[in-house]
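>>> Provided below for reference: sequence and predicted model.
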Amino acid sequence: MSLDLPLVSLVMYLKEGEINPGDEGKVVRFEKKMSDWRRDVIVGDSKNLTREDMTSNMCQVENGFVGYWCEGAKCLCARTHWVLQESESFCWDCMHDPCACSTPLVWDATEQAYYRFFLSCDGKTKKNVWMSKPIGSMATINYKRGEKKRKERENKEKEEENCADNQKRALNCGYCCHQHAKVAKMEHEESKRQKTKKETVKKMIDGPDHCIHCDEDPCLFIQIESRLWENDEIYYDKGDYDKDPAAYNSGRRKRAYQYAAFVLWEGINYRKPHYRCVEDGVRALFPPVDGKIMGYKTS
């Protein structure tokens, strides 16, 4: 990086024209940095920055280690330029964006962008590879195409690195490859789920509210009992009940069985017996006065 005047001397020189003896060369270099800053950083900016503002911004960038002034020593570029470290594609090897690790960068004043000159080994292919976004339409298309290939290449390299790391971890754990380690891990997790499920089922079976008929905890009839009773209140007629309690309770049991089938199986057109707990519960709600009951008849 080029030599700089102290910040206080710079401000004094720009504002009042004062300068220490022997600093004339440093001032010339600083003036060049100022012009490069205006050209590379604030071109196209609607703000009209003063020289004091530009000086302050330049010092903040350099003191904050977020950029520096390159004179072409690293990128072999004849054009001095400011390099800001704000982009995700910033190269920390050559400290440039775009990367200047290989061939020198060339500045195109028309496109306002950097490019590299590519020449194939047989000398048949010659083209400019844009390293920063140009302003022309055709050059922009080529730039986007190159960026897409670069990202695909980076993703592939990252995938290969992850694969190598997984392979290394698998070998350290005693497996022959990452795939076998992955399968073993899945089998271990599945065995843990099955064990947890068995423990949960065992805890439910041993619980005080577990039903041996419907295998539910709590019993299915306990879950629907209140709904059966509310449904019966809609159709209950005390006058009809007083006339013939036995026949009326038989009809109430029938409606209760139908409604239980609708609640449990989401329909009433079923030809299968209810759970024993449901049968006993319905008969307890609407007991047979004459002692006669009718169970499920197989067709």
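Yes, it's here.
>>> who's in contact with residue 101?
91, 93, 94 (C-beta atoms under 8 Å, 6 or more residues apart in numbering). Bear in mind the C-beta positions are built from the backbone N, C-alpha and C, glycine included.
>>> Restricted to strands, list these.
Counting by DSSP state E, no part of the contacts of residue 101 is found in strands.
>>> Quick check: next helix or strand after the longest helix along the chain?
Longest helix in the chain by number of residues, with DSSP state H as the criterion: helix 137-172. Moving toward the C-terminus from helix 137-172, the next helix or strand (DSSP states H and E) is helix 178-205.
>>> next structured bit after that next one?
Following helix 178-205 toward the C-terminus (DSSP H and E): helix 220-235.
>>> What lies in contact with that next one?
With contact meaning C-beta under 8 Å, 6+ apart, helix 220-235 is reached by 209, 211, 214, 216, 252, 255-256, 259-260, 263-264, 275, 277-278, 280-282, 285-286.
>>> which regions of the stretch 151-299 of the chain lie under the pLDDT threshold?
For the stretch 151-299 of the chain, the stretches with pLDDT under 70 are 178, 198, 200-209, 267-270, 295-299.
>>> hmm, back to that, export the contacts of residue 101 to TSV and tack on neighbour count and distance to residue 103?
Listed next are those as TSV, based on neighbours: other C-beta atoms under 10 Å; distance: C-beta to C-beta, whole Å:
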residue	neighbour count	distance to residue 103
91	15	14
93	9	15
94	16	12
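>>> so residue 283 sits in a helix?
Yes: according to DSSP: H, G, I helix; E, B strand; the rest coil, residue 283 belongs to a helix.
>>> For the stretch 1-150 of the chain, which segments count as helices?
7-16, 24-40, 51-63, 137-172 (DSSP state H, counting those that start in this stretch).
>>> Mind putting these into CSV with distance to residue 76 and mean neighbour count?
Converted to CSV, the helices of the stretch 1-150 of the chain look like this (distance: least, C-beta to C-beta, whole Å; neighbours: other C-beta atoms under 10 Å):
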stretch, distance to residue 76, mean neighbour count
helix 7-16, 29, 15
helix 24-40, 17, 15
helix 51-63, 22, 15
helix 137-172, 21, 12
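>>> can you tell which of these is closest to residue 99?
helix 137-172 (9.8 Å; C-beta to C-beta).
>>> just for the stretch 1-150 of the chain, where's the confidence low?
Regions of the stretch 1-150 of the chain meeting the criterion pLDDT under 70 cover residues 1-22, 43-47, 119-123, 125.
>>> Distance to residue 34 added to the contacts of residue 101, as a markdown table?
Below are those laid out as a markdown table (distance: C-beta to C-beta, whole Å):
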| residue | distance to residue 34 |
| --- | --- |
| 91 | 26 |
| 93 | 29 |
| 94 | 25 |
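>>> returning to that earlier point: now the helices of the stretch 1-150 of the chain in JSON lines, with distance to residue 124?
Formatted as JSON lines, those follow (distance: least, C-beta to C-beta, whole Å):
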{"stretch": "helix 7-16", "distance to residue 124": "53"}
{"stretch": "helix 24-40", "distance to residue 124": "35"}
{"stretch": "helix 51-63", "distance to residue 124": "44"}
{"stretch": "helix 137-172", "distance to residue 124": "18"}
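>>> Can you point out the helix or strand that includes the residue nearest to residue 294 when sequence neighbours are not counted?
Once flanking residues are discounted, residue 294 sits nearest to residue 250: 7.8 Å by C-beta to C-beta, 6 or more residues apart in numbering. Residue 250 is part of helix 245-265 when elements are defined by DSSP H and E.
>>> Other residues contacting that helix?
By C-beta under 8 Å, 6+ apart, helix 245-265 touches 220, 224, 227-228, 231-232, 235-237, 240-241, 267-268, 270, 274, 278, 282-283, 285-290, 292, 294.
>>> Repeat that for stretch 189-198.
Outside of stretch 189-198, not a single residue reaches it under the criterion C-beta under 8 Å, 6+ apart.
>>> Where is the longest strand in the protein?
Secondary structure of the chain per DSSP E: the longest strand is strand 113-119.
>>> Given that one, what are its sheet partners and their directions?
Applying DSSP bridges, strand 113-119 is found paired with strand 106-108 (antiparallel), strand 126-130 (antiparallel).
>>> Just the angle for that strand relative to helix 137-172, thanks.
Calculated by axes from the mean of the first three to the mean of the last three C-alpha atoms, to 10 degrees, strand 113-119 forms an angle of 70 degrees with helix 137-172.
>>> quick check, distance from strand 113-119 to the centre of its chain.
Centroid separation for strand 113-119 versus its chain: 36 Å, with C-alpha atoms, centre = their mean, to the nearest Å.
>>> and that strand, which residues are buried?
113, 114, 115, 116 (16 or more other C-beta atoms under 10 Å).
>>> Could you dump those into CSV and include distance to residue 193?
Below are the buried residues of strand 113-119 laid out as CSV (distance: C-beta to C-beta, whole Å):
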residue, distance to residue 193
113, 57
114, 56
115, 57
116, 55
